[in-house]
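[1] turn this into a model:
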Amino acid sequence: MEHFQMEPIDESLPIDFCVLVHSLQSVRSLLDYNEIHHDIMIEDVRELLDIEQQEMMSSCALQPRSTDDFNYTSYHTLSEVRTTVFLCFELSFV
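    As a prediction, this is how the structure comes out:
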């Protein structure tokens, strides 16, 4: 298991943590055995990361020609952000 919250917590508060796939069944069994209610919020984080990576790579191919073309709702590589910042800087002097 990874990413445990290390601060003191109250029993009534929910906690979130990630479980590695090879430990998933053991953790579920432990929670069930101790009658601890649990919900799976994200079934497969790796799948979400792969989708996000594909979106980033496809947006890399489309370099914005103006700040209006920049997609502010998705993640971008550092190179893309720098290109856009430089574009804004250049446009401010036009």
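[2] please, which helix or strand holds the spatially most central residue of the chain?
    Centroid-nearest residue in the chain: Leu49, 6.8 Å away (criterion: Cα atoms, centre = their mean). Leu49 is part of helix 45-61, with elements assigned from DSSP states H and E.
[3] tell me the helix or strand right after that helix.
    That would be, after helix 45-61 and using DSSP H and E, helix 78-91.
[4] buried sites along stretch 15-35?
    Buried residues in stretch 15-35, counted by 16 or more other Cβ atoms under 10 Å: Val19. Every residue, glycine included, has its C-beta placed from N, CA and C.
[5] with just CA atoms, put that stretch into PDB.
    Taking Å, rounded to 0.1, in the frame of the first residue of the first chain, the C-alpha atoms of stretch 15-35 are listed here in PDB:
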ATOM      1  CA  ILE A  15      -9.500   8.500   4.200                       C
ATOM      2  CA  ASP A  16      -8.300   8.000   0.700                       C
ATOM      3  CA  PHE A  17      -5.400   5.800  -0.200                       C
ATOM      4  CA  CYS A  18      -4.000   3.900  -3.200                       C
ATOM      5  CA  VAL A  19      -3.500   0.200  -3.300                       C
ATOM      6  CA  LEU A  20      -1.100  -1.500  -5.700                       C
ATOM      7  CA  VAL A  21      -2.900  -4.000  -7.900                       C
ATOM      8  CA  HIS A  22      -1.000  -7.000  -6.400                       C
ATOM      9  CA  SER A  23      -2.200  -6.000  -2.900                       C
ATOM     10  CA  LEU A  24      -5.800  -5.200  -3.800                       C
ATOM     11  CA  GLN A  25      -7.400  -8.500  -2.700                       C
ATOM     12  CA  SER A  26      -5.500  -8.600   0.600                       C
ATOM     13  CA  VAL A  27      -6.500  -5.000   1.400                       C
ATOM     14  CA  ARG A  28     -10.200  -5.700   0.500                       C
ATOM     15  CA  SER A  29     -10.100  -8.800   2.700                       C
ATOM     16  CA  LEU A  30      -8.600  -7.000   5.600                       C
ATOM     17  CA  LEU A  31     -11.200  -4.200   5.400                       C
ATOM     18  CA  ASP A  32     -14.000  -6.700   5.100                       C
ATOM     19  CA  TYR A  33     -12.800  -8.800   8.000                       C
ATOM     20  CA  ASN A  34     -12.600  -5.700  10.200                       C
ATOM     21  CA  GLU A  35     -16.000  -4.600   8.900                       C
END
